[in-house]
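J.: From the sequence below, what's the structure:
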Amino acid sequence: MHHGIGRRKSATARVWLKNGNGTISVNGRDYAQYFDTDATRQGMLAALNVTGQIKKYDIAANVQGGGRTGQSDAIKLGIARALLTTDETLRGVLRENGLLTVDSRVKERKKYGQKAARKKFQFVKR
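T.: Here you go, the predicted model:
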């Protein structure tokens, strides 16, 4: 049983890999049922596709916070980190494809005296 944690925006995913036949569950549901778009499904499986281990492990992921896209990216990082615990020689392949790099972009906070994070109130001359 191998474990990895991934984060993206405000989503946090805890991922467990277990030797098996390739079943993937997210929060107790099948991943194809949980994620509604192909982009989120394929993005989540990127680390497995690159390393060619898609049918080698059963994956169980618990994910909290954020939206579906952030959750998908958090699971992607969690799977990549869990794969590293199984075999350290995969680091080069995962690093080449940018799967170990944390995407640290988060929503910018609203500032006082402004309408939003960057938008200002309309200027009135008279």
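J.: Return the distance of the residue of the chain positioned farthest from its centre relative to residue 75.
T.: Distance to the chain centre peaks in the chain at residue 126, reaching 50.0 Å (criterion: Cα atoms, centre = their mean). Computed as Cβ to Cβ, to the nearest Å, the residue 126 to residue 75 distance reads 55 Å. All C-beta spots, glycine's among them, are computed from the backbone N, C-alpha and C.
J.: for residue 123, same thing?
T.: 45 Å.
J.: And for residue 47?
T.: From residue 47 to residue 75 the distance is 9 Å (Cβ to Cβ).
J.: now swap in residue 52 and tell me
T.: For residue 52, the distance to residue 75 - Cβ to Cβ - is 19 Å.
J.: Name the residue in the two with the higher neighbour count.
T.: Between residue 52 and residue 75, counted using other Cβ atoms under 10 Å, the more crowded position is residue 75 (31 against 10).
J.: which SS class is residue 70?
T.: helix (DSSP: H, G, I helix; E, B strand; the rest coil).
J.: And the pLDDT for it?
T.: Looking at residue 70, its pLDDT reads 95.
J.: Spit out the contact partners of it.
T.: 8, 9, 10, 11 (Cβ atoms under 8 Å, 6 or more residues apart in numbering).
J.: count of residues packed around residue 74?
T.: 29.
J.: part of a helix, is it?
T.: Yes: using three-state DSSP, the assignment for residue 74 is a helix.
J.: Farthest pair within the contacts of residue 70?
T.: Taking Cβ to Cβ as the measure, these span a maximum distance of 8.4 Å, between 8 and 10.
J.: Can you pull the residues that touch both of the two?
T.: Contacts common to residue 8 and residue 10, judged by Cβ under 8 Å, 6+ apart, are 66, 70.
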